[in-house]
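Engineer: All I have is the shape, not the residue letters:
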């Protein structure tokens, strides 16, 4: 059995790492920049929390919704390899545009980033799946390694971009994020020799002289139905998880005691905590599920997703504890926030990389990038819902929102566990492991 991963995985690992550095650097400071007053040192745009969270929701939704046209471009016109490169160029230009201090530059930069992520994100993930043959047992672990790369970028970005932006100047932070994407493009261009067999454009087969795709089989239809269910899971998961960049970001600034050994930690730096936990616990969680599988216990993707959403939701119970303490008139202890992020990440590790791998197993090859695009569009819709939920907190109260998220995630996860065996049957053995 092969145990070493393809060299192309390392190239895609570092390309995605720098793209995520760019994205999460932007994410760490966007809401803080929008809500910072327009006067004084390092001025922002002076928006209200509600208005800033609304834009945050639209931005994070559109970033991922654009993955659908990004997937179509790859499947129908250019192939994944070229579309990824174009996406990286658009992101870099967009981030560097934000260096300019003007409203026009701000919205232009956001539009370019949205378009770029839409081209890059679904296609680079599909290319990871293309490195492995059908039934290759290394596929899930390959996606976990790839996912760790994502979070190396996500962890370092708030520490560097967040600190530079919040302390020295927002536009310096945006510029640093752009430099990160340029580094990703350099890695991607250098590593093309290891990606010769993946991401290439494959024209549609001709039927009676016209370019039409082969009709779906019954098995493919069943598998797409299961994928649509998994997309619903993804929407709900990210609607809760993405409170980190919005509501939890603002709540940390206003209600959490951030003073450690006499130093007040900048709010944006806490955006690195989940990614750091992913790096620390990524192989641990993957090892746990692999151990269950070796023992013959249930470890299917849908089962992992159900457990993941329950564990992630439990993290918000910790935030309810923080809200109860803050309601007494003192700032909540930092441990509440850290425990919340820890539980959210353990849930994330059971769901997010698994979902990426799951799509490459179930999606028909001819629709691979499009289905990955729909997955990221579902992620984007979840992000938009996250913004709406965050806005709700300004009216209903943080305690009610945090507790409501916990209850909903728990109930939905338990419902999935009730039906997962039926859904697993509809995958028609797509997750069966083969010796290679």
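Structural biologist: It's in. Just so it is clear, the model here is predicted, and its values are computed rather than measured.
Engineer: Only C-alpha atoms from now on, for both contacts and neighbour counts.
Structural biologist: Noted.
Engineer: for residue 341, what are its contacts?
Structural biologist: Neighbouring residues of residue 341 by C-alpha atoms under 8 Å, 6 or more residues apart in numbering: 273-274, 315.
Engineer: ugh, wrong one, I meant residue 73
Structural biologist: Residues in contact with residue 73 (C-alpha under 8 Å, 6+ apart) are 79, 83, 119.
Engineer: So for it, what's the pLDDT?
Structural biologist: Note on residue 73: pLDDT of 91.
Engineer: Would you agree it falls within a helix?
Structural biologist: Yes - membership of residue 73 in a helix is supported by DSSP: H, G, I helix; E, B strand; the rest coil.
Engineer: Quick check: it vs residue 369, distance?
Structural biologist: 9 Å (C-alpha to C-alpha, to the nearest Å).
Engineer: Could you name the helices and strands sitting against the helix or strand containing residue 404?
Structural biologist: Per DSSP states H and E, residue 404 falls inside helix 398-425. When contacts are defined as 3 or more C-alpha pairs under 8 Å, 6 or more residues apart in numbering; DSSP states H and E, helix 398-425 packs onto helix 218-241, helix 301-326, helix 368-396.
Engineer: buried set for whichever strand or helix holds residue 173?
Structural biologist: Using DSSP H and E, residue 173 maps to helix 170-190. Residues of helix 170-190 classed as buried: 170-185, 187-188 (neighbour count, 16 or more other C-alpha atoms under 10 Å).
Engineer: swap in stretch 257-275?
Structural biologist: 257-258, 266-275.
Engineer: Can I get these in CSV including secondary structure and pLDDT?
Structural biologist: Compiled in CSV, the buried residues of stretch 257-275 are given as follows (DSSP: H, G, I helix; E, B strand; the rest coil; pLDDT from 0 to 100):
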residue, secondary structure, pLDDT
257, coil, 94
258, coil, 93
266, coil, 87
267, helix, 87
268, helix, 81
269, helix, 84
270, helix, 88
271, helix, 82
272, helix, 85
273, helix, 90
274, helix, 89
275, helix, 85
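Engineer: Which pLDDT value belongs to the closest residue in space to residue 232 that isn't next to it in sequence?
Structural biologist: Residue nearest to residue 232 in three dimensions, not counting chain neighbours: residue 378, with 7.3 Å by C-alpha to C-alpha, 6 or more residues apart in numbering. Listed pLDDT for residue 378 reads 89.
Engineer: Show me the contact partners of the helix or strand containing residue 140.
Structural biologist: Using DSSP H and E, residue 140 falls within helix 139-157. Contacts of helix 139-157 from elsewhere in the structure, counted by C-alpha under 8 Å, 6+ apart, are 5, 9, 12-14, 16-25, 28, 128-129, 132, 177, 271-276, 278-279, 282-283, 286, 353-354, 356-357.
Engineer: Could I get the average pLDDT for it?
Structural biologist: For helix 139-157, the per-residue pLDDT averages 84.
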